[in-house]
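In: missing the sequence, but the structure's below:
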């Protein structure tokens, strides 16, 4: 199985900050990576697919990059609605796997 | 707009079988892949398995001995059965859609909490 890790596990930031979250895969997954945002008590919502493609309706302040084993999610200017937990997910091979999550909270 | 809704018992006894159904509305179950994903309280997401509308399945090896996923295209529903449950199977269970066999999840249900307890 491909193992997914994320760093940091928690990130404290202020509105307007540029935020970067890193996701690493234990082996190459090409660009088959998605990023999700999850708020408490809610289902995850996809933000980015195929490493850098923005899902329809997602604000352009979200962007993704990377390939192979290292990926990043960047929020260019953090907004109040962005305080949440973010997960990466590989869909290069079965079983699909999620990272452990990065919680973005208010500084 | 596609909507997914999980349904089933919120409490299951240890050693029994957990059964959930996901009803798809606003679109056809045909031509997509349908997954079950779970999340224990305060923990990360775990993919359980998926099914194509034709009935072909893929399961997470960590759960394969316990899991059966089936589809009923006439009702636009798919289902999860997880046998011999323990407290470790207590989680919020989500159903989700992907466009491809190797695909990300673009639509999710709201999730349903299942607690395993006597």
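Out: Yes, it's here. Source: prediction; values computed, not measured.

In: Point out the residues in chain B that sit beside chain A.
Out: B:35, B:44-47, B:58-62, B:94, B:98, B:102-106, B:108-111 (C-beta under 8 Å from any C-beta of the partner chain). C-beta here means a position set from N, CA and C on the backbone, and glycine is covered the same way.

In: Restricted to buried residues, select these in PyMOL.
Out: Buried residues within the residues of chain B next to chain A, by 16 or more other C-beta atoms under 10 Å in any protein chain shown, are selected in PyMOL with:
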select buried, chain B and resi 35+45+46+47+58+59+60+94+98+103+104+105+106+108+109+111
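
In: Grab the nearest non-local neighbour of the residue lying farthest from the centre of chain B.
Out: When distances to the mean C-alpha position of chain B are computed (C-alpha atoms, centre = their mean), the maximum falls on residue B:118, with 22.7 Å. Nearest non-adjacent residue to residue B:118, counting by C-beta to C-beta, 6 or more residues apart in numbering or on different chains: residue B:13, 5.4 Å away.

In: in what helix or strand does the residue positioned nearest the centre of chain B lie?
Out: Chain B has residue B:36 as the residue nearest its centroid, 2.8 Å off, counting by C-alpha atoms, centre = their mean. Under the criterion of DSSP states H and E, residue B:36 resides in strand B:33-39.

In: Then residue B:70?
Out: Element membership of residue B:70, judged by DSSP H and E, is strand B:67-72.

In: Poorly predicted segments of chain A, please.
Out: Counting by pLDDT under 70, chain A contains no low-confidence segment.

In: what about the strands in it?
Out: If you assign secondary structure with DSSP state E, the strands in chain A sit at A:4-7, A:10-13, A:19-25, A:33-38, A:45-49, A:53-54, A:62-67, A:70-75, A:85-90, A:97-98, A:102-106.

In: Does the third one reach chain B?
Out: This points to strand A:19-25. No. On the criterion C-beta under 8 Å from any C-beta, strand A:19-25 is out of touch with chain B, staying 12.4 Å away.

In: For chain A, which residues are neighbours of chain B?
Out: A:1, A:32, A:34, A:36, A:42-46, A:49-50, A:55, A:87, A:89, A:91-101.

In: show me what contacts residue 68?
Out: No chain was given, so I picked chain A. Residues in contact with residue A:68, defined by C-beta atoms under 8 Å, 6 or more residues apart in numbering or on different chains, are A:25, A:28-30.

In: Chain B is the one I meant
Out: Contact criterion C-beta under 8 Å, 6+ apart gives B:80-81, B:83 as the residues in contact with residue B:68.
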